[in-house]
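**Q** sharing a model that was predicted from the sequence below.
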Amino acid sequence: MTKILAINGSYRDDGVTDQTVEAMVQAIKATGSDVEVIRLRDHPIEFCLNCRACTQQPGETPGECIQHDGMQELIDKIERADGYILASPTNFGSVTAIFKRFMERLVVYAYWPWDMNAPRHRKANMPKKKAVLVSSCAAPGIIGRWIYGTHKQLKMTAHTIGDDIVGTLFTGFISKEPHPELPKHLEARIKALADKLAYV
C-alpha cells in the first residue's frame, strides 16, 4: 500500500490550505492508499540551533539532532513515506513561520563536516519519491506563484527530502472573504494530483 505523508504549515483551522489538503487526502484514500496528515501548528518542533551537530554524521540517512522534540518522529515518517503533500499558505510573501521552522530543521539531510566548504546532500544518489506542492495567496494564483517565495521554498523542501515534484496547486484570491471555500472547479485538478501521488 502506498503511504503518503501530508505536511501542512497553515495556521488556520479549515482555511483554504486545510481544505485543499483534506480534499486531496480523500481523493488519495479513494485509490486505496494510506495518508497521514501532520499539522505543524500542532506538532512540537523547536527552532534549529545552527549547531550543525546533525551534519557531522556521515551516511545517506538523516543525521540525528541534539534536540529531543517531535522532529525525529517527523523525520522517521518522512523516511517511511512513498510520497508527500507539502502545503503552506503565503504569509508576507513566504511560507508561514512554522513551515520555515520545519524547513530549517531539515538540515539533518545535509552532510557537512567542519572542514568541508559546502554541504553534501544525503539523498543525492537515492531514488526519488513524489511530491505535490500546495499553497494559496491573496493575489491571482499564477501571479502569486511567481512573485512570492512560497513556491520556491516548498520546492526546496521537496528537493531536500529527496523528491521529484509531480504537481502544484496554487490557489489565488483567497482573502476576499473571512471564511473562503475551496473553489469547486479545483476538484478535477485535485483528483489528478492525488492519482499522481497514489500510483507510485
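**A** Cool, the structure landed.
**Q** packing partners for the helix or strand of the chain with the lowest mean pLDDT?
**A** Of all the helices and strands that make up the chain, the one with the lowest confidence by mean pLDDT, DSSP states H and E is helix 141-147; it has a mean of 81. Applying 3 or more Cβ pairs under 8 Å, 6 or more residues apart in numbering; DSSP states H and E, one finds that helix 141-147 makes contact with strand 129-136, strand 163-171. The C-beta positions use only the backbone N, C-alpha and C, and glycine is treated the same way.
**Q** quick one: contacts of that helix?
**A** With Cβ atoms under 8 Å, 6 or more residues apart in numbering as the test, helix 141-147 has contacts from 90, 93, 135-139, 150-151, 168, 170-173.
**Q** hmm, try it at 10 Å
**A** In this structure, residues lying in contact with helix 141-147 by Cβ atoms under 10 Å, 6 or more residues apart in numbering are 90, 93, 133, 135-139, 150-152, 168-174, 186.
**Q** run the chain-centre distance for the helix or strand following that helix.
**A** In the C-terminal direction, the helix or strand that comes right after helix 141-147 (DSSP states H and E) is helix 150-160. Here helix 150-160 shows a centroid-to-chain-centroid distance of 8 Å under the convention Cα atoms, centre = their mean, to the nearest Å.
**Q** now helix 150-160 - C-alpha only, PDB.
**A** Output of helix 150-160 as PDB, limited to C-alpha atoms (Å, rounded to 0.1, in the frame of the first residue of the first chain):
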ATOM      1  CA  THR A 150       6.300  30.400  -1.200                       C
ATOM      2  CA  HIS A 151       6.600  28.100  -4.200                       C
ATOM      3  CA  LYS A 152      10.400  28.300  -4.200                       C
ATOM      4  CA  GLN A 153      10.600  27.300  -0.500                       C
ATOM      5  CA  LEU A 154       8.100  24.400  -0.900                       C
ATOM      6  CA  LYS A 155      10.200  23.200  -3.900                       C
ATOM      7  CA  MET A 156      13.400  23.500  -1.800                       C
ATOM      8  CA  THR A 157      11.800  21.400   0.900                       C
ATOM      9  CA  ALA A 158      10.800  18.700  -1.600                       C
ATOM     10  CA  HIS A 159      14.300  18.500  -3.100                       C
ATOM     11  CA  THR A 160      15.900  18.400   0.400                       C
END
